[in-house]
Every structure is written in structure tokens, then in C-alpha cells.
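1. Sequence first, then the predicted structure, then my questions.
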Amino acid sequence: MALSKTHSVAVLAALLLGGCTFADQALFPSLAPATDSSTSTANASPAASAPATATPATSSSYNLPTVSSGETTGTFVGQKVASLRNDLQRLQGTLNDQGGQLQQIRNQTVQDSQSYHGTVAAIEARLQVGTTMGNPILVQQWNEAVSALDRINEDVLKANRLSTEVASTSGLAAYLLESVRAARGLSGAVDEDHRQLRVLEDETNGTIVTIERLLTDLASDVQRQQQYVATERGNLNTLAVAIKNGQLYGASLANSAYASPVPTASLTPTPLSSAVVDRPLVVIRFDRPKVSYEDALYTAVKSALDRRPTSVFEVVAMSPSAGTPGAAALAETTARRNAEAVVRSLSQMGLPSERVRLSSASSADAGTGEVRVFVR
């Protein structure tokens, strides 16, 4: 990652280390306290080289290597070693804070998820025992569930922003490592200076390993939570249909439909003649003003997707072929309108639009406004 960054960084570090005016602020201006700007490294006392008190590992769950103290040698290189050691301590402090932020985000996500699932469970429990269509109490609870899911999405955005900050810390760590290595090429050092530089290099490498682990964990969390939020949005859409009809369905059909990719060949239109002779998955007869077909439709389509996730569904508007031309045209229009309503219901249940085809056909045994659903 940032460690493979290049010869130009190493050269720059060597030039900075070779200058007599090098100060702590040149390495990490954003990490150094404001009071450090008036403090010369050359005047640093032995106590300044002591390791900083690290935040307990339990606060961030990331164990950082301890920055060891070193004997003051009084050489120019020894002063650089002390300066680099202080930079590493500040960087570790920043990393500890970032690890703690990740833990806070995770804790908040757990709380928001519990709130979300608690609300959804209350809605489903009410639907399970039976309720009225469009119950306003359930509508209000559904809106609360949407708000809770939005809060989870905000947690994902916070994790994304934290990932950017940790990536910046990774760049600083790589620069520090190159600076430590470049310091070994300076003249005027004693053996103790080189020994301390070797120890400091190991400690910096250990810190970089922790940064890589933190970045990996953040990437994994973001990907997992983004997928979770997308799935739950589909489930909420299906739950909205259930509230509208006052009956409990299940999870969004998208959860089953996207279980495996759809072969391109499966999207090839099927001739209408086969639609007439095939056995339909569902037959919906619109023989009265209000037909409650959603529950049976969801169950049938969900079962078909469980058996074969790549299934494509054809919704056929069936109209009777007998009768006068005027009556046949009216029946065809009615059947088409009813079929379009079935397609909308499938979409609200989460079935992807590319998995549904709409067509028309006529049959002597078809009732007025009949809709048949076939699996392809």
C-alpha cells in the first residue's frame, strides 16, 4: 500500500534529515501540539524521549507496539532519533483515537440495528395475528423503521469517512518509516544511534501492520453494512405492501432473485403459444371488485425462486376468445389492466423488473380479466 511508494519519498526524507534546521513540525504538523513549535529538538531533555502514555488497547481493540525510550547520545543523529520517536508516539496516539472511533461506530450501529429490528418485529407481529388494511399505527411504525435504517446508513458514511482518515495516517506512517531508514545514512552517528534506529524501524513497521489491519476491518465493515442496508430497504418495500393489504408476507423477493446471476439466455422472450399450454404457477381470477391475491402470489413466486433463483416470470393477461368483437376488446383491455397491477405488486415485493415479462393471450376457457403467471 503506502509502503511501496517510491524512491522520491525516500530521497526527500534523506534531504530533510541532512539539513541542520530539521524540526519535528516538518514531519507531522497536523499531529504536533501547538506548543511544540517553540521547542527545539536540540534542547529536548531525556524525559522528552520517554515513551508517551498510550491509550489502553481495550479502548480500540488494536494493540500497538510500545515505543521504547532511548539513551541520549548527544550527537546530531541522536537528536534526530529522539525527534522521530516523538513523531511515532504522536502517530500512535492518532491511531488509537481512530481505533476507538471505529469501536464507537460499531456500538452505535448495533443500537440502531436493534431499534430497527424491534420496530419491524412489532409490525410483523401485528400483521401475523391479523389487522386492518393500511392500519395507521403500522404506517407510523413503518416510518420509524425507515428512520432507523437511515441512521444505520449514516453509520456507514461515518465509517467511510474514518477510512479516509486512516488512509491518511497510513501515508504519514510510510513517510516516517522512510525517514527512519534515511537517518541511518547520516554521518556523525555512534553505534547506540544506529541501534536505536533499528529498534525504531521495527516499532514503526509494527505500527504500520496495525494500520493495515484497521483499514481492512473498515473496508469489511463498510461493504457488509452497505449490503445490509440495501437488502433491508427492499424488505421495507415489501413490508409496505403487507401493511397496505393487512397481511404478513416475508422478506423481499430480491433476496432470492439475486442469489445467483441470471443467464442471458433466460431473458429470451417465450412464444405466447407456450404460455397457453404450459401449466401456470398462479391463476388470478378478477371476478369481483377487490381480489386479495398478493399473499398467494408472493408465496408461489418465493417458492419458485427458492427452487431456482434464476427463474424469470411471465405475467399473461388472458381474455376469453368467445363473444362479439366489442366484448372481446373490452375483456382484453380489462385483462391487460389487471396484469399490469400484478406486475406492480411483484415489483413492490422486490422482484427485479428484468425478471418479469408482460404479455397477452386469449383462450376459450379464460374468465374475464384473468391473469396467469408462468415460470420461465
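-> Right, received. Where do you want to start? Numbering: from 1, shown residues only.
2. so what are the domain limits for the chain?
-> What automatic domain parsing lists as the domains of the chain is 2-242, 256-375.
3. closest one to residue 250 among those domains?
-> Nearest to residue 250, of all those, is domain 256-375, at 6.2 Å by CB to CB. Bear in mind the C-beta positions are built from the backbone N, C-alpha and C, glycine included.
4. Distance of residue 160 relative to residue 147?
-> 20 Å (CB to CB, to the nearest Å).
5. one step back: I'd like the domains of the chain laid out as CSV, including mean pLDDT.
-> Supplementary listing: the domains of the chain in CSV, determined by pLDDT from 0 to 100:
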stretch, mean pLDDT
domain 2-242, 78
domain 256-375, 76
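6. Output stretch 144-162 as CSV - backbone C-alpha positions only.
-> The C-alpha trace of stretch 144-162 is given here as CSV (Å, rounded to 0.1, in the frame of the first residue of the first chain):
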residue,chain,number,x,y,z
GLU,A,144,-40.0,4.9,12.3
ALA,A,145,-38.3,1.8,10.8
VAL,A,146,-37.3,3.8,7.8
SER,A,147,-35.7,6.5,10.1
ALA,A,148,-33.8,3.8,12.0
LEU,A,149,-32.5,2.4,8.7
ASP,A,150,-31.4,5.8,7.7
ARG,A,151,-29.4,6.1,10.9
ILE,A,152,-27.7,2.8,10.1
ASN,A,153,-26.8,4.3,6.7
GLU,A,154,-25.3,7.3,8.4
ASP,A,155,-23.2,5.0,10.5
VAL,A,156,-21.9,3.5,7.2
LEU,A,157,-21.0,7.0,6.0
LYS,A,158,-19.1,7.7,9.2
ALA,A,159,-17.1,4.5,8.7
ASN,A,160,-16.3,5.6,5.2
ARG,A,161,-15.0,9.0,6.4
LEU,A,162,-13.0,7.3,9.1
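7. Can you mark which positions in it are buried?
-> The neighbour-count check on stretch 144-162 (16 or more other CB atoms under 10 Å) flags 144, 145, 148, 149, 152, 153, 155, 156, 158, 159, 162 as buried.
8. what about the helix or strand harbouring the last one, distance to the chain center?
-> Spelled out, that is residue 162. Using DSSP states H and E, residue 162 sits within helix 136-183. Chain-centre distance of helix 136-183: 10 Å, with CA atoms, centre = their mean, to the nearest Å.
9. May I see the domains of the chain organised as TSV, with distance to residue 250 added?
-> Below are the domains of the chain laid out as TSV (distance: least, CB to CB, whole Å):
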stretch	distance to residue 250
domain 2-242	8
domain 256-375	6
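10. the helices in the stretch 201-350 of the chain, which residues?
-> 254-257, 272-277, 294-307, 325-348 (DSSP state H, counting those that start in this stretch).
11. TSV for those helices, including mean neighbour count and distance to residue 124?
-> What follows is the helices of the stretch 201-350 of the chain, written out as TSV (neighbours: other CB atoms under 10 Å; distance: least, CB to CB, whole Å):
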stretch	mean neighbour count	distance to residue 124
helix 254-257	21	15
helix 272-277	13	35
helix 294-307	17	14
helix 325-348	17	17
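12. could I get these as JSON lines with distance to residue 358?
-> As requested, the helices of the stretch 201-350 of the chain are arranged in JSON lines below (distance: least, CB to CB, whole Å):
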{"stretch": "helix 254-257", "distance to residue 358": "17"}
{"stretch": "helix 272-277", "distance to residue 358": "11"}
{"stretch": "helix 294-307", "distance to residue 358": "15"}
{"stretch": "helix 325-348", "distance to residue 358": "6"}
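13. Looking at these, spot the one closest to residue 63.
-> helix 254-257 (38.3 Å).
14. Need the nearest residue in space to residue 335, chain neighbours excluded.
-> Closest residue in space to residue 335, ignoring its immediate chain neighbours: residue 317 at 3.9 Å, by CB to CB, 6 or more residues apart in numbering.
15. can you check residue 372 too?
-> Nearest one to residue 372, counting by CB to CB, 6+ apart, is residue 280 at 4.0 Å.
16. For residue 316, see how far away that neighbour is.
-> 8 Å.
17. swap in residue 291?
-> In terms of CB to CB, residue 291 sits 17 Å off from residue 316.
18. Those two: which has the busier surroundings?
-> residue 316 (26 against 14; other CB atoms under 10 Å).
19. Tell me which residues touch that one, please.
-> By CB atoms under 8 Å, 6 or more residues apart in numbering, the contact list for residue 316 reads 272, 275, 280, 339, 359, 360, 361, 371, 372, 373, 374.
20. That one bridge partners, please.
-> Beta-bridge pairing of residue 316 under DSSP bridges involves residue 359, residue 372.
21. one step back: neighbour-wise, which one of the contacts of residue 316 leads?
-> Most surrounded of the contacts of residue 316: other CB under 10 Å gives residue 371, at 28 neighbours.
22. Go ahead and confirm it touches residue 315.
-> Yes - between residue 371 and residue 315 there is a contact under CB atoms under 8 Å: 6.4 Å.
23. overlap in contacts of these two?
-> 339, 342.
24. Let me know how buried residue 114 is, in neighbour terms.
-> Residue 114, neighbours per other CB under 10 Å, totals 11.
25. Determine the set of other helices and strands touching the helix or strand hosting it.
-> Using DSSP H and E, residue 114 maps to helix 76-129. Contact analysis of helix 76-129 by 3 or more CB pairs under 8 Å, 6 or more residues apart in numbering; DSSP states H and E lists helix 24-27, helix 136-183, helix 191-245 as its packing neighbours.
26. What separation do you get for the residue lying farthest from the centre of the chain and residue 336?
-> Going by CA atoms, centre = their mean, the residue of the chain most distant from its centre is residue 324, 58.2 Å out. Using CB to CB, residue 324 is found at 18 Å from residue 336.
27. again with residue 202
-> From residue 202 to residue 336 the distance is 75 Å (CB to CB).
28. Give the residues shared as contacts by residue 280 and residue 316.
-> What both residue 280 and residue 316 touch, as defined by CB under 8 Å, 6+ apart, is the set 372, 373, 374.
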